[in-house]
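Engineer: model the following, please.
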Amino acid sequence: MQSIDARIIRGAAIPTAAVGAVATVVAALLAGASGAGGTALGVFVAAAFFAIGLLSLGYVGQRWPELFLGAAFLIYTTQMGLLLLLLVLLKDADFLNGRAFAIGVVVGTVVWLAGQARSHLTAKILYVEPEADTDRAAVTPGGSP
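Structural biologist: Have a look, this model is predicted:
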């Protein structure tokens, strides 16, 4: 993992955890323990899905940059399939409030995306690798000397 990936994940995970904690407390006050559990699980699922997706894309981007777009589509469709499977499995769960779970997923998604967008906007990501060569005087802007 590159250091920029760690900074972007940290920039998204910290606000998501903070807002998730506040949302869990609010859900506990409004819907009891099942609401708190549903909200906490929803925020965790959203954060985990986005973090795993970002880490996977970072790995593919380093190893096989030509496959980046295809990998992004594959990771996204896999995440949506897993989320659908999780929703089907938890449809009749007695231990959590389904509405609170959905609200937790939405809150986690919105905060994660906002934190990730802010991290991307404030990061100084190089799009050209600087040369390690220190002898730049021999190269002229128009070509060879």
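
Engineer: what sits closest to the one residue sitting closest to the centre of the chain if chain neighbours are left out?
Structural biologist: The C-alpha lying nearest the average C-alpha coordinate of the chain belongs to residue 50 (C-alpha atoms, centre = their mean; 3.1 Å). In this structure, residue 50 finds its nearest non-sequential neighbour in residue 112, 4.8 Å apart by C-beta to C-beta, 6 or more residues apart in numbering. Quick note: C-beta positions are derived from backbone N, CA and C, even for glycine.

Engineer: and the residue nearest to the centre of the chain, what does it touch?
Structural biologist: Neighbour list for residue 50: 12, 109, 112, 113, 116 [criterion: C-beta atoms under 8 Å, 6 or more residues apart in numbering].

Engineer: measure it to residue 78 for me?
Structural biologist: 13 Å (C-beta to C-beta, to the nearest Å).

Engineer: about what we covered before: relative to residue 62, which of the contacts of residue 50 is nearest.
Structural biologist: Nearest to residue 62, judged by C-beta to C-beta, of the contacts of residue 50 is residue 116 at 18.6 Å.

Engineer: how many other residues sit next to that closest one?
Structural biologist: 20 (other C-beta atoms under 10 Å).

Engineer: pLDDT value on the nearest residue to it once chain neighbours are set aside, please?
Structural biologist: Leaving aside its chain neighbours, residue 116 sits nearest to residue 12 (4.2 Å; criterion: C-beta to C-beta, 6+ apart). pLDDT recorded at residue 12 is 94.

Engineer: quick one: low-confidence parts of this structure?
Structural biologist: Within the chain, the stretches with pLDDT under 70 are 1, 132-145.

Engineer: which residues of it fall in strands?
Structural biologist: Assigned by DSSP state E, the strands in the chain number zero.

Engineer: related to what we said a few turns ago, next, the contact list for the residue nearest to residue 50, please.
Structural biologist: Counting by C-beta under 8 Å, 6+ apart, residue 112 touches 12, 13, 16, 46, 47, 50.

Engineer: check residue 108 too.
Structural biologist: Neighbours of residue 108 in contact, by C-beta under 8 Å, 6+ apart: 16, 19, 20, 42, 43, 44, 45, 46, 47.
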